[in-house]
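Participant: Sequence first, predicted coordinates after that:
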Amino acid sequence: NAGVTQTPKFQVLKTGQSMTLQCAQDMNHNSMYWYRQDPGMGLRLIYYSASEGTTDKGEVPNGYNVSRLNKREFSLRLESAAPSQTSVYFCASSEPGTPRGNIQYFGAGTRLSVL
Amino acid sequence: QKEVEQDPGPLSVPEGAIVSLNCTYSNSAFQYFMWYRQYSRKGPELLMYTYSSGNKEDGRFTAQVDKSSKYISLFIRDSQPSDSATYLCATYTGANSKLTFGKGITLSVRP
């Protein structure tokens, strides 16, 4: 059981380039999330998808777009990368509505540097 | 004021020490409390999960919640170098609500 899988693990971009971060989960969870983690800032929610077909903004959505491709996959796109988007990005999933449903399971992260 | 405050540390202790990690929160509607552990260059993983006030013990780890003072604690007994990681507290109000995380504290246990 792989859990939550993120690709790529590392990426270096130049300012203005675009890229898509991929996330897939095999736990049949309805909800999926994208966070960024920066030193001293903790985990900040970028976007989330409560269920297939829905997406909502989190705390820091500017400069990002998301797609919930199907129940398993949730991608994060940077259309025009900026140095301020240098960060570690985590995808997570959960199954709300069950007794421990708000527990989120995280992927290993994508380390992104924007030069 | 952020909804969940956590001492940023870092914290360094000798092996075998008792470690106390703490968070405070402001929203009295929070009912469920968790501690995540994050090793370097890895994703956070659930360590402890508790509901409402009281203590929960799992091996060398004890999670404590005091709702009257809005205080969350994680105690680590007989700390080991393998406990060196970042610890994040998290909480939520109920079903279908999002998690609110503390910023995390980095613990180093010296052999």
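Facilitator: That came through, no problem.
Participant: who does the residue nearest to residue B:9 when sequence neighbours are not counted bridge with?
Facilitator: Of all residues beyond its chain neighbours, the one nearest residue B:9 is residue B:105 (4.0 Å), with distances taken as Cβ to Cβ, 6 or more residues apart in numbering or on different chains. To be clear about C-beta, it is placed using only N, CA and C from the backbone, and glycine gets the same treatment. Listed by DSSP bridges, the beta-bridge partners for residue B:105 are residue B:87.
Participant: just the strands in the chain please.
Facilitator: You didn't pick a chain, so chain A it is. Taking DSSP state E to define them, one finds strands in chain A at A:4-7, A:10-13, A:19-25, A:31-38, A:42-49, A:56-57, A:65-68, A:74-78, A:87-94, A:105-106, A:110-114.
Participant: Hmm, no, I was thinking of chain B.
Facilitator: Using DSSP E, the strands of chain B run over residues B:4-6, B:11-14, B:19-25, B:32-38, B:45-51, B:54-58, B:61-66, B:71-76, B:85-92, B:100-101, B:105-110.
Participant: Could you dump those into CSV with mean neighbour count and mean pLDDT added?
Facilitator: Putting those into CSV (neighbours: other Cβ atoms under 10 Å in any protein chain shown; pLDDT from 0 to 100) gives the following:
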stretch, mean neighbour count, mean pLDDT
strand B:4-6, 20, 92
strand B:11-14, 13, 96
strand B:19-25, 20, 96
strand B:32-38, 23, 95
strand B:45-51, 16, 92
strand B:54-58, 12, 92
strand B:61-66, 18, 96
strand B:71-76, 20, 96
strand B:85-92, 24, 94
strand B:100-101, 22, 92
strand B:105-110, 17, 96
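Participant: of all these, which lies closest to residue A:23?
Facilitator: strand B:45-51 (16.4 Å; Cβ to Cβ).
Participant: Which of the residues in stretch A:81-101 are classified as buried?
Facilitator: For stretch A:81-101, the neighbour count (16 or more other Cβ atoms under 10 Å in any protein chain shown) marks A:81, A:85-96, A:101 as buried.
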